[in-house]
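Fold the following and give me the result.
(one chain, ligands or ions: 2)
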Amino acid sequence: MIEDSHQSRTNLSELGEFGLIDLLTKNLAPKLSSTIKSIGDDAAVLDFKDNQTLVTTDLLVEGVHFDLAYMPLKHLGYKAVMVNLSDVYAMNGTATQITIGIACSNRFPVEALEELYAGIELAAKIYNIDVVGGDTTSSTKGLLISITALGYAKKEDVVYRSGAKPNDLLVVTGDLGAAYMGLQILEREKAVFKVNPNSQPDLDAYTYLIERQLKPEARKDIPPLLKDLGLRPTSMIDISDGLSSEIIHLCKNSGVGVNLFEDKIPLDPAVISACEEFELDSTTIALSGGEDYELLFTVAQEDFEKIKANPNFSIIGHMTEAREGMHLVTRGNTKIPLIAKGWNAMEKEED
Ligand code: ADP
Ligand code: MG
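Ligands and ions are numbered 1, 2, ... in the order given. So this is what the prediction gives:
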């Protein structure tokens, strides 16, 4: 884990807007050949040659998307970048630049924003992206971060949500539900801390879950891996809201249905044991938890051999004709309609 380390407190007004921007951006020299002009002019200038440009924005609001009671600012900076890069990878592209909009109240000292930028810098370094601009302003209450990510892909490589065909295989990377269970652990510890501020939580057993919540990694490795395997997904999306709502997006955009098999959903053992502890159903958590930042895609049946033995991938279902609907096939072989948040356990359909 990366640690939060600010001790001194410098008031934002001491630096002024330009002093603050200079301080926050001093380590952000560009490194990519596609960055022609970075921070310091009215706009950044980029050159993606004969590729198509990918652009995506995400907005994170304190109290809505994050809680600073358990989210260290350095992690928040890192995660804010991941959330955006994940969307570029979901288009099967390469992420190259970001811009960062920040609004914060004077409750935050300069050192807090430096922590936030330490996380952003770390993400930029590991993911090989340039921070090429942004905007900085005050807010009456709380912290707001808006990041825009840019990237590129060859025209023929771009994968949309809309290309899935009946009989395509539905594939997911990594495992699901861990970030949500990490949040449950952190919420529980926050509640314990409120009652007893001297409590020393032992969170060792939950390391993986907490890391997945506080320091998620976007799947930068997947677009090049797909290329190496000679695989072009027919549709793709990243998992931010939860498996079921992302599957529904693919189905609706592609005009197909789906059979998702409960026993194929990849779960880490830590998720299974935390679900037992919290008396939650692990399938529900995988379907509805969200914030996994894994990639969900469809491939033609013929590509089965390229997928089947790869530890990055789990085949979790297959697409159908739209009129067959969108279903979860349970371990007990019951078909249940998928809904955006999990599935509707009340409504069983006859075959
Ligand atoms: P403008 O008045 O044109 O909006 P600013 O004075 O706000 O310009 O910003 C000066 C430069 O610093 C610009 O290149 C802008 O993109 C960059 N910048 C401003 N705020 C940030 C930030 N929070 N992070 C990174 N770059 C920033
Ligand atoms: Mg500005």
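
all contacts plus neighbour counts: C-alpha atoms, from now on.
Will do.

mind checking the SS state of residue 210?
helix (DSSP: H, G, I helix; E, B strand; the rest coil).

Would you verify that residue 249 is located in a strand?
No - read with three-state DSSP, residue 249 is helix and lies in no strand.

Show me what residue 172 is bridged to.
For residue 172, the beta-bridge partners are residue 296, residue 314 (DSSP bridges).

Strands of this structure, start to end?
35-37, 45-46, 52-61, 94-104, 130-138, 143-153, 169-173, 235-238, 256-261, 295-299, 313-321, 326-329, 335-337 (DSSP state E).

The ones you listed into JSON lines, with extra columns for distance to ligand 1?
Converted to JSON lines, the strands of the chain look like this (distance: least, C-alpha to the nearest ligand atom, whole Å):
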{"stretch": "strand 35-37", "distance to ligand 1": "9"}
{"stretch": "strand 45-46", "distance to ligand 1": "10"}
{"stretch": "strand 52-61", "distance to ligand 1": "14"}
{"stretch": "strand 94-104", "distance to ligand 1": "5"}
{"stretch": "strand 130-138", "distance to ligand 1": "3"}
{"stretch": "strand 143-153", "distance to ligand 1": "9"}
{"stretch": "strand 169-173", "distance to ligand 1": "32"}
{"stretch": "strand 235-238", "distance to ligand 1": "26"}
{"stretch": "strand 256-261", "distance to ligand 1": "42"}
{"stretch": "strand 295-299", "distance to ligand 1": "28"}
{"stretch": "strand 313-321", "distance to ligand 1": "36"}
{"stretch": "strand 326-329", "distance to ligand 1": "43"}
{"stretch": "strand 335-337", "distance to ligand 1": "45"}
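
Could you dump those into a markdown table with mean pLDDT and mean neighbour count added?
Output for the strands of the chain, formatted as a markdown table (pLDDT from 0 to 100; neighbours: other C-alpha atoms under 10 Å):
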| stretch | mean pLDDT | mean neighbour count |
| --- | --- | --- |
| strand 35-37 | 98 | 16 |
| strand 45-46 | 98 | 16 |
| strand 52-61 | 97 | 16 |
| strand 94-104 | 97 | 21 |
| strand 130-138 | 96 | 19 |
| strand 143-153 | 98 | 22 |
| strand 169-173 | 98 | 24 |
| strand 235-238 | 98 | 28 |
| strand 256-261 | 98 | 24 |
| strand 295-299 | 98 | 26 |
| strand 313-321 | 98 | 21 |
| strand 326-329 | 98 | 23 |
| strand 335-337 | 95 | 20 |
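
what about the stretch 201-350 of the chain, any weak spots by pLDDT?
342-350 (pLDDT under 70).

Just send the strands of the chain back as JSON lines, with distance to residue 212 too.
Formatted as JSON lines, the strands of the chain follow (distance: least, C-alpha to C-alpha, whole Å):
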{"stretch": "strand 35-37", "distance to residue 212": "31"}
{"stretch": "strand 45-46", "distance to residue 212": "32"}
{"stretch": "strand 52-61", "distance to residue 212": "18"}
{"stretch": "strand 94-104", "distance to residue 212": "21"}
{"stretch": "strand 130-138", "distance to residue 212": "24"}
{"stretch": "strand 143-153", "distance to residue 212": "20"}
{"stretch": "strand 169-173", "distance to residue 212": "14"}
{"stretch": "strand 235-238", "distance to residue 212": "15"}
{"stretch": "strand 256-261", "distance to residue 212": "24"}
{"stretch": "strand 295-299", "distance to residue 212": "15"}
{"stretch": "strand 313-321", "distance to residue 212": "18"}
{"stretch": "strand 326-329", "distance to residue 212": "25"}
{"stretch": "strand 335-337", "distance to residue 212": "29"}
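
do you know which of these lies nearest residue 220?
strand 94-104 (7.7 Å; C-alpha to C-alpha).

What strands flank the closest one, and is each parallel or antiparallel?
Assessed with DSSP bridges, strand 94-104 is paired to strand 130-138 (parallel), strand 143-153 (antiparallel).

To residue 54, which of the ones you listed lies closest?
For those, proximity to residue 54 was assessed by C-alpha to C-alpha; strand 143-153 is nearest, at 4.9 Å.

List the residues that contact residue 187.
Residue 187 sits next to no residue when contact means C-alpha atoms under 8 Å, 6 or more residues apart in numbering.

switch to 10 Å and redo it
Shown in contact with residue 187 (C-alpha atoms under 10 Å, 6 or more residues apart in numbering): 67, 69-70, 181, 193.

from these, which single one is nearest ligand 1?
residue 67 (20.5 Å; C-alpha to the nearest ligand atom).

hang on, the closest one packs against residue 144?
No - counting by C-alpha atoms under 10 Å, residue 67 stays clear of residue 144, with 11.7 Å between them.

Next, show the common contact partners of those two.
residue 61.

ok, back up a step: minimum distance to residue 211: which of the strands of the chain has it?
Nearest of the strands of the chain (C-alpha to C-alpha): strand 169-173, 17.3 Å.

CA atoms of the closest one as PDB?
Output of strand 169-173 as PDB, limited to C-alpha atoms (Å, rounded to 0.1, in the frame of the first residue of the first chain):
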ATOM      1  CA  LEU A 169     -18.400 -16.300 -25.900                       C
ATOM      2  CA  LEU A 170     -18.700 -13.800 -22.900                       C
ATOM      3  CA  VAL A 171     -15.300 -13.400 -21.300                       C
ATOM      4  CA  VAL A 172     -14.100 -11.500 -18.200                       C
ATOM      5  CA  THR A 173     -10.500 -10.700 -17.000                       C
END
